[in-house]
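In: Turn this into a structure:
(4 chains)
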Protein chains: 4
Amino acid sequence: MLVVMQSDATQAQIDAVCDAIREMGFQPAPMPGAQRTAVGLIGNDGQVDGSHISGMAGVGQVIYVSKPYKQVSREWRPENTVVEIAPGVRFGGTEVPVIAGPCSVEGEPQILAVARAVRAAGASALRGGAFKPRSSPYSFQGMGLEGLKLLAKAREETGLAIVTEAMDEEGANLVAEYADCIQLGARNMQNFSLLKVLGRLRKPVLLKRGMSATIQELLLAAEYVLAAGNPHVILCERGVRGFDTATRNLFDLSAIPLVHKLSHLPIVADPSHGVGVREHVPPMARAAIAAGADGLIIEVHPTPDKAVSDGAQTLYTEQFGRLMGEVRTIAEAIGRTITPAPAHQTVGAG
Amino acid sequence: MLVVMQSDATQAQIDAVCDAIREMGFQPAPMPGAQRTAVGLIGNDGQVDGSHISGMAGVGQVIYVSKPYKQVSREWRPENTVVEIAPGVRFGGTEVPVIAGPCSVEGEPQILAVARAVRAAGASALRGGAFKPRSSPYSFQGMGLEGLKLLAKAREETGLAIVTEAMDEEGANLVAEYADCIQLGARNMQNFSLLKVLGRLRKPVLLKRGMSATIQELLLAAEYVLAAGNPHVILCERGVRGFDTATRNLFDLSAIPLVHKLSHLPIVADPSHGVGVREHVPPMARAAIAAGADGLIIEVHPTPDKAVSDGAQTLYTEQFGRLMGEVRTIAEAIGRTITPAPAHQTVGAG
Amino acid sequence: MLVVMQSDATQAQIDAVCDAIREMGFQPAPMPGAQRTAVGLIGNDGQVDGSHISGMAGVGQVIYVSKPYKQVSREWRPENTVVEIAPGVRFGGTEVPVIAGPCSVEGEPQILAVARAVRAAGASALRGGAFKPRSSPYSFQGMGLEGLKLLAKAREETGLAIVTEAMDEEGANLVAEYADCIQLGARNMQNFSLLKVLGRLRKPVLLKRGMSATIQELLLAAEYVLAAGNPHVILCERGVRGFDTATRNLFDLSAIPLVHKLSHLPIVADPSHGVGVREHVPPMARAAIAAGADGLIIEVHPTPDKAVSDGAQTLYTEQFGRLMGEVRTIAEAIGRTITPAPAHQTVGAG
Amino acid sequence: MLVVMQSDATQAQIDAVCDAIREMGFQPAPMPGAQRTAVGLIGNDGQVDGSHISGMAGVGQVIYVSKPYKQVSREWRPENTVVEIAPGVRFGGTEVPVIAGPCSVEGEPQILAVARAVRAAGASALRGGAFKPRSSPYSFQGMGLEGLKLLAKAREETGLAIVTEAMDEEGANLVAEYADCIQLGARNMQNFSLLKVLGRLRKPVLLKRGMSATIQELLLAAEYVLAAGNPHVILCERGVRGFDTATRNLFDLSAIPLVHKLSHLPIVADPSHGVGVREHVPPMARAAIAAGADGLIIEVHPTPDKAVSDGAQTLYTEQFGRLMGEVRTIAEAIGRTITPAPAHQTVGAG
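Out: Numbering: from 1, shown residues only, chains lettered A, B, ... in the order given. Modelled structure (predicted):
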């Protein structure tokens, strides 16, 4: 932490800041400059809250030098964390899994049809919402427990790993029972109570970046899960709020190299929510792989025109098939491979 | 809802859109134009989700004409809703209450000292966090139930109404028991599970605008509470995420006239979080009142330099006293008055 | 400037940074910390460009401590600069002038009618565009020189000072000849060539904040004018780009106290562009005065429904009259007064 | 254009809107709905300015259905425009040129060394600023005419096409004389006077997206150039203003498929300014190619640590060489090729 004094700060004000730093248990290091004095804090462990100092008389600005997160940082753990959500479905290694499926679970025929189709195209995990966070209370809120059971059935038949969202403690317990990875949605990224619950559950977590969360805030949200004892966290870039309504969100692909630099956790990309327009999903999925994403999560539906939610950004299964071919080639161009679809298939399925 | 076709859309594509509208239970009204055809939807009640149509072949854009919210709208209820959180502390009428207090409850001497000081300066309600949503898991997380008991004690002594935050269902039940108004923080504005809980509790709710929430999203979050049976909602502008780090947030005062036009619910302003810098709080508090805010919520602490959180944006009690004088004059200049501090005071207090 | 090294930086890397600082003509001051070393730069005068250092091996981050602007800063000149654009029309003192008029000059009857009306309501300056920056090349581009002559005619009759925009060097020379204050629009805030021209002209400049300019960038744009020899700069907050399309822009009133803290230059507010919706202009104009604005600039038209541009945000003359009454009361509430309309009036006018 | 009336609009108000539409020369088409009436405008050619209607009594909202641009649209010209800035250097076809070079021209040895190095690595054009738009008046402003002459010399020796920025009319004339393509910087994207000048010059233009420009505003800026007679426009995504200071800008790669859908003009990507951090430039350059960019523009310098500007985001020549290999492979993966470096080389050079 560095405390920059105002240019007209008095010696008494500088001394008061030094005292305040000592009260916090650190050593002050004043540095007189041409224009103004700055006071450094020796021994900072990244968890110092200096907001009260920034309001002291004569203080111009408080600058944080250390990062406030710890266990998620690359410095804490230099090698990549690999999160395996089901046998062979690993995020953070050389292989890149693709999660695909509908926005919402709508019924048995729909989810089984999608599961078969995305598996045939090469996906290794199935997405589909049973609990849906919707802006309006009058929109479809998901099938709930019934939806979770249908997802489990789809896994049984296809061998695909299951990723689905939880919105509260009760839902998290249910999802942990039926699925392989609990998704925490963008609107709940800073739902700290729920993050602590997910930390205690020890199930892999797919943590989506909030609407206007900085990368530091995303990493701090992940830190809540790790600090509570669960190291199995996959981060997800899904677009942030932008000013141009021509796309649903502003898909921030630079999050991928940035997270790779700052943290050992894997990061996947969700181009469906990132752009929100079907025809722009394939180029942005390709771009995400080229940028180094550790996975993709993509909305696919056999008849998007009839999907109960997110139809406009959902790929047809044929489109998804073509896209899988493209991302395979691009992954290879940068020395990676797309995780193959599960070999397992129950008798009579498909 | 208006579906704008691409300029090269075929008649078959236009017909398919008309069919899709009929399947949704509405009547299509095609309007051929010079460049392209648009198809209107007759009978729209504002709850239509047309995202699947926007992905149909030949469709350029889907435009929503009706608002997706209902009970919170000015059209649903033309006169102002007045929310009374304690006898005489009414938001939405001519009187304007001021809620003041520390960021966090830190202990009995602190909260009692602040309560006495803000009451003496003219506040009618006390704020103070017992459950604290913090970006970092290593920051002070609040005193919890003990903090709620201290707030109740401060109310008993000073007569101030109590406003404090809840972060989950369990906390909401506790806050409902000890306080007069449950605050829902910016990070939980779209925690839809918690919004439904608050709707069932029927206690007044202070709903803070999310970091990058549009006014429509704020109103939809309030709609969750009203739809679940609780009409006592006070909205709060507290700054949105901006690009200039010179202020903590971008304080969007135009939210005040905009909410007043679209909704019958009261809206208060939180200049402390809005700007995040102590010396800018008084001018922005004055501006909020001039813009028509139905209340203020302001962080005040006897010794901000020693506050455990948010010290930089917290007013000294003397500053708060001067500010109260200024906002009284401005309120009168636009035909309103500041709600007086409670007359009640227990024996031996003060 | 403070150079924060990565936690695994080698001594050789730290030494290289120290050498680079010496090459720039400054003295390095290394500070070893618990996690990492930081290197301070002694003697920084605020004009150091350290971007090449931030790319050096082992460097984590470069933090600028000094401000990059100089002559516009409050430290350079502690007392307020008062810019007088015409006798008695002074920005930056106790009096607060109001500039009013149409978006565009449309013809003699229109501009004379508006001038008389706003003068009658108490404005002290007239706005009106002769050169119009329009997003589309097919929109009305302004009357040009003819418009400037009409503005001069309106000044002759009413005594109002004239504020109008220039878009290039040729236009700036013309505006300097006919008007009292040259407006530089938001889209040209970082048109550095034009800023230098305005610096040489020595005419008062009304410099509008760019669409997404930080306050530091606004002050640096003003620094271009001052550095070229022209100290007569009035800053203007007119809304920045936001994510909510419910208002035209996001009106950032916290810019007012922030500029007052950092700079000695006056700052006025433009609520018409700030919100872009007629009915929200009066509350935001009142808020601007309460926040301490040194002036207002407001679009007024006798028949906004027939205005060639910006009709939706333009006040009727009656509305403007009522607003003037309100802002007078609020100005007095904070110890200021609205500058009176000019007493001067030519024979036969009005 | 669609005018949505308020739900309580009177018949007289609806009639007045219909009259106003007729006065504009169009035919009104009222559509009564369940909640409110909407009035369509038949015959809209995309250039209607309805802002005065949005302020009329009873009007809730004005929605634009047609696009305000014309000549730049895909509907105006369905096939891609290919802009050839020098023999064989074509943007918008199957081949993808790479423009590389330093932020600023600093002297003959520097620019010749960079030119040789980037040509050896496979670039087909050289960038380098002679006129520099700098936030601060005290920063290096470029070598001016001398810099242009050095660029011409580098072209003579290496055969590389030259792309360099102009900041005003005088500079544009000079650049047109010495270079192959005139760059218009982000800060001047809406400098409409300069856009008109570039339209008259007929030289290819590289038009950078403004700091917070929507894609529609970018296309309208290009429309200024086309409308003035110059069809040779290359658009450029270079990052927009974001809220996370961890990257210099927010690099919006979804601009690439979006522009390809709406317009026939080519679009290139500038990852150097897009992220502003050297180590993130290669992944984002790869992502841009995967997303379909028609070219790249990248900052390269033999000794970035000593560059006078933008050092932190500038690649070493070795890094650039490796990156060229990667983008070649990715271009091929999506059926494109990187334009080869010029074969031409003068005697004695290299």
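
In: Near residue A:87, how many other residues are there?
Out: 11 (other C-beta atoms under 10 Å in any protein chain shown). (C-beta placed from N, C-alpha, C; glycine too.)

In: What's the per-residue pLDDT of it here?
Out: For residue A:87, the model assigns a pLDDT of 96.

In: That one and chain D: what is the separation?
Out: 30 Å (C-beta to the nearest C-beta, to the nearest Å).

In: now swap in residue A:191 and tell me
Out: As judged by C-beta to the nearest C-beta, residue A:191 and chain D stand 20 Å apart.

In: show me the residues around that residue that make contact.
Out: Residue A:191 makes contacts with A:184, B:167, B:187, B:188, B:191, as judged by C-beta atoms under 8 Å, 6 or more residues apart in numbering or on different chains.

In: any bit of stretch A:129-147 sitting next to chain D?
Out: No - using C-beta under 8 Å from any C-beta of the partner chain, stretch A:129-147 never reaches chain D; the gap is at least 14.8 Å.

In: now do the same end-to-end measure for that stretch.
Out: End-to-end span of stretch A:129-147 (C-alpha to C-alpha, to the nearest Å): 8 Å.

In: Stretch A:266-273 too?
Out: Using C-alpha to C-alpha, the end-to-end distance of stretch A:266-273 comes to 19 Å.

In: and residue A:115, what element?
Out: Assigned by DSSP states H and E, residue A:115 falls within helix A:108-121.

In: ranges for the helices of the stretch 1-150 of chain A?
Out: With DSSP state H, counting those that start in this stretch, the ranges of helices along the stretch 1-150 of chain A come out as A:11-23, A:51-54, A:108-121, A:145-158.

In: got the residues of the stretch 51-200 of chain A near chain C?
Out: A:61, A:63, A:65, A:66, A:75.

In: which among the residues you listed end up buried?
Out: A:63, A:65, A:66, A:75 (16 or more other C-beta atoms under 10 Å in any protein chain shown).

In: which of those lies closest to residue C:326?
Out: Of all those, residue A:63 has the smallest distance to residue C:326: 42.0 Å, by C-beta to C-beta.

In: Could you check how far the closest one is from chain D?
Out: Residue A:63 is 12 Å from chain D, by C-beta to the nearest C-beta.

In: Touching, that residue and residue C:38? I think so.
Out: No - counting by C-beta atoms under 8 Å, residue A:63 sits too far from residue C:38 to count as a contact (10.0 Å).

In: what do those two both touch?
Out: With C-beta under 8 Å, 6+ apart as the test, residue A:63 and residue C:38 both reach A:2, C:2.

In: how does chain A divide into domains?
Out: Domain assignment of chain A by automatic domain parsing yields the ranges A:2-63, A:83-338.

In: What's the nearest residue in the stretch 51-200 of chain A when you look at chain D?
Out: Ranked by C-beta to the nearest C-beta, the top residue of the stretch 51-200 of chain A for proximity to chain D is residue A:67, at 10.8 Å.

In: Measure how buried that residue is and give me the count.
Out: Look at residue A:67: counted by other C-beta under 10 Å, it has 19 neighbours.

In: backbone phi and psi for it, please?
Out: phi -80, psi 150 (degrees, to the nearest 10).

In: Look at it and report its pLDDT.
Out: 83.

In: right, and it touches residue A:214 too?
Out: No - using C-beta under 8 Å, residue A:67 is not in contact with residue A:214; the gap is 11.9 Å.

In: So for the lengthiest helix in chain A, what gets flagged as buried?
Out: Counting by DSSP state H, the longest helix found in chain A is helix A:317-333. Buried positions in helix A:317-333, judged by neighbour count with 16+ other C-beta under 10 Å: A:317, A:319-321, A:323-324, A:326-331, A:333.
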